[in-house]
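**Student:** Sharing a sequence plus its predicted fold:
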Number of protein chains: 2
Amino acid sequence: VKIAILLYEGFTALDCIGPYEVLSRLPDADVRFVSADGGVVRSDTRALAVQTASKLEDAGPVDIVLAPGGPGADAACTDSRILDWLKRVHETSKYTLSVCTGSLILAAAGILDGLEATSHWAAYERLEALGAKPVDRRVVRCGKIFTGAGVSAGIDLAFELLRVEQGDDFAQAVQLAIEYDPQPPFDSGSPSKAPAHIVDLVLDYYRRRDAERGARAPNVS
Amino acid sequence: VKIAILLYEGFTALDCIGPYEVLSRLPDADVRFVSADGGVVRSDTRALAVQTASKLEDAGPVDIVLAPGGPGADAACTDSRILDWLKRVHETSKYTLSVCTGSLILAAAGILDGLEATSHWAAYERLEALGAKPVDRRVVRCGKIFTGAGVSAGIDLAFELLRVEQGDDFAQAVQLAIEYDPQPPFDSGSPSKAPAHIVDLVLDYYRRRDAERGARAPNVS
């Protein structure tokens, strides 16, 4: 099964490595990290530099395509090489996936027009402005399209796909192999659960960061 | 805060990217991926190729050092460049961390002698043989040393460190920012919770894989 993971400057690392770690355990998985220019692509912190396997135009058809989110998603949403490629691979993909603000890129490519989808909790308005119907759920499946909530949701999204594709036993075996028995220290992983002052803290952080960047739209990952 | 993440051929990607995603949000975090030879290092699947920032000898002193696990951990356990470096940075580190079979590498460096530590659930015997006292917990803290269970446990480990270092509000804010509200499809992420036939499935897989590799010791991540 051919799996292509889109990278672009400013992607958020866990958005792709979470699902990668799960999906790479599919039987005969052939995973490629790909990017518009090929070569090395850096994550949002610039600390993680990934040597991509090929340019998008050389990636060929794929069974599973994944668009991660990140502060660089804004620029990706206006990069015609990325949007054209996503449109093309989506035509023949078995599954098309996004994590976090990766759904904005799918939406900008016209893949989510009128469809239910999710994204990072602070990006619902932008997702709607791009033509999708935002849903406040961790993983939203719409036919062959799976969209995930913010950053860490990609792990749950990938397990959902594993279950659909390979059945319960296989998914449980992978869950045990990567010891996915999460024990977060707090129950504050979504705005409906976190204390109000924590939600404000995070929103303030996004506002300050976006002001520093002079960005017109908020970046959230 | 200087954070060094050790990479070696055959590391497991989520072991380092989970904690990286959390710890890179520490105030003034300066994260470097480092390796014995510098240059590009490939993950266990060989799909993820990371351009490391420097050789170990050029990394300088660090505040936080992390050893990930992976099928390559066996070789890392006998690489004197890695063991000597870990010993040296551990002398002055504020925190020394491992995820999954990364604790075997810390143990091989003599850092866990007689101390409580954890690892992937299938690696307790090897951890004990290397002089540590294996504990069946997701995160084990022993002074400045934090060891985590298999693969995905690094996320919880990093949040524990964030809480200790920056307090509850900060840790909760990061948890919300990366929407860490895990919803695994099954409750089979540890051998005490998974059905017995799933545990057997995974152990059989390890045995087959190790036989194929001709490895003398089981690889687990």
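**Tutor:** The structure has been received and is ready for your questions. Numbering: from 1, shown residues only, chains lettered A, B, ... in the order given.
**Student:** Can you tell me the closest non-neighbouring residue to the residue located most distally from the centre of chain A?
**Tutor:** Largest separation from the mean C-alpha position in chain A: A:His197, at 27.1 Å (Cα atoms, centre = their mean). Of all residues not flanking A:His197 in the chain, B:Asp169 sits nearest, at 7.5 Å (Cβ to Cβ, 6 or more residues apart in numbering or on different chains). (Glycine included, C-beta is placed from N, CA and C.)
**Student:** Please list all residues in contact with that neighbour.
**Tutor:** Residues near B:Asp169 by Cβ atoms under 8 Å, 6 or more residues apart in numbering or on different chains: A:197-198, A:201.
**Student:** Check for me that it belongs to a helix.
**Tutor:** Yes. Under DSSP: H, G, I helix; E, B strand; the rest coil, B:Asp169 sits within a helix.
**Student:** Tell me which stretches of chain A form helices.
**Tutor:** Along chain A, the segments classed as helices by DSSP state H run A:13-23, A:73-76, A:80-92, A:102-108, A:124-129, A:153-166, A:168-177, A:196-213.
**Student:** Next, format the ones you listed as a markdown table and append mean pLDDT.
**Tutor:** Below are the helices of chain A laid out as a markdown table (pLDDT from 0 to 100):
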| stretch | mean pLDDT |
| --- | --- |
| helix A:13-23 | 98 |
| helix A:73-76 | 97 |
| helix A:80-92 | 98 |
| helix A:102-108 | 98 |
| helix A:124-129 | 97 |
| helix A:153-166 | 97 |
| helix A:168-177 | 96 |
| helix A:196-213 | 89 |
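**Student:** Report pLDDT for the residue nearest in space to the middle of chain A.
**Tutor:** Centroid-nearest residue in chain A, with Cα atoms, centre = their mean: A:Val99, separated by 2.1 Å. Per-residue confidence at A:Val99 stands at 98 (pLDDT).
**Student:** distance of the nearest residue to it once chain neighbours are set aside from A:Glu179?
**Tutor:** Excluding the flanking residues, the one nearest A:Val99 by Cβ to Cβ, 6+ apart is A:Gly154, at 3.7 Å. Separation of A:Gly154 from A:Glu179 (Cβ to Cβ, to the nearest Å): 17 Å.
**Student:** again, but for A:Thr78
**Tutor:** Distance, A:Thr78 to A:Glu179, using Cβ to Cβ: 40 Å.
**Student:** Compare neighbour counts for these two and give me the winner.
**Tutor:** Shown here are A:Thr78 and A:Glu179; by other Cβ atoms under 10 Å in any protein chain shown, A:Glu179 has more neighbours (25 against 10).
**Student:** residues touching the residue lying closest to that one once chain neighbours are set aside, list them.
**Tutor:** Once flanking residues are discounted, A:Glu179 sits nearest to B:Gly150: 3.0 Å by Cβ to Cβ, 6+ apart. By Cβ under 8 Å, 6+ apart, B:Gly150 lies in contact with A:177-179, B:69, B:100, B:119-121, B:220-221.
**Student:** ok, how many other residues are close to the nearest residue to A:Ile178 once chain neighbours are set aside?
**Tutor:** Leaving out its chain neighbours, the residue that sits closest to A:Ile178 by Cβ to Cβ, 6+ apart is B:Val151, at 3.9 Å. Using other Cβ under 10 Å, B:Val151 has 28 neighbouring residues.
**Student:** these two touch, right, B:Val151 and A:Tyr20?
**Tutor:** No. Taking Cβ atoms under 8 Å as the definition, B:Val151 is not a contact partner of A:Tyr20, at 11.8 Å.
**Student:** anything in contact with each of those two?
**Tutor:** Contacts common to B:Val151 and A:Tyr20, judged by Cβ under 8 Å, 6+ apart, are B:Leu14.
**Student:** circling back to that earlier point, and the residue nearest to A:Ile178, what's its pLDDT?
**Tutor:** In this model, B:Val151 is scored at 96, pLDDT.
**Student:** got a list of what it touches?
**Tutor:** By Cβ under 8 Å, 6+ apart, the contact set of B:Val151 is A:21, A:177-180, B:12, B:14-15, B:18, B:69, B:99-100, B:120, B:221.
**Student:** Top of the residues you listed by number of neighbours, please.
**Tutor:** Counting neighbours by other Cβ under 10 Å, B:Val99 leads these with 37 neighbours.
**Student:** Give the full set of residues in contact with that one.
**Tutor:** B:15-16, B:18-19, B:66-69, B:147-148, B:151, B:153-154, B:157 are the contacts of B:Val99 under Cβ under 8 Å, 6+ apart.
**Student:** With respect to chain A, which of those residues is nearest?
**Tutor:** Among the contacts of B:Val99, B:Val151 lies closest to chain A (Cβ to the nearest Cβ), at 3.9 Å.
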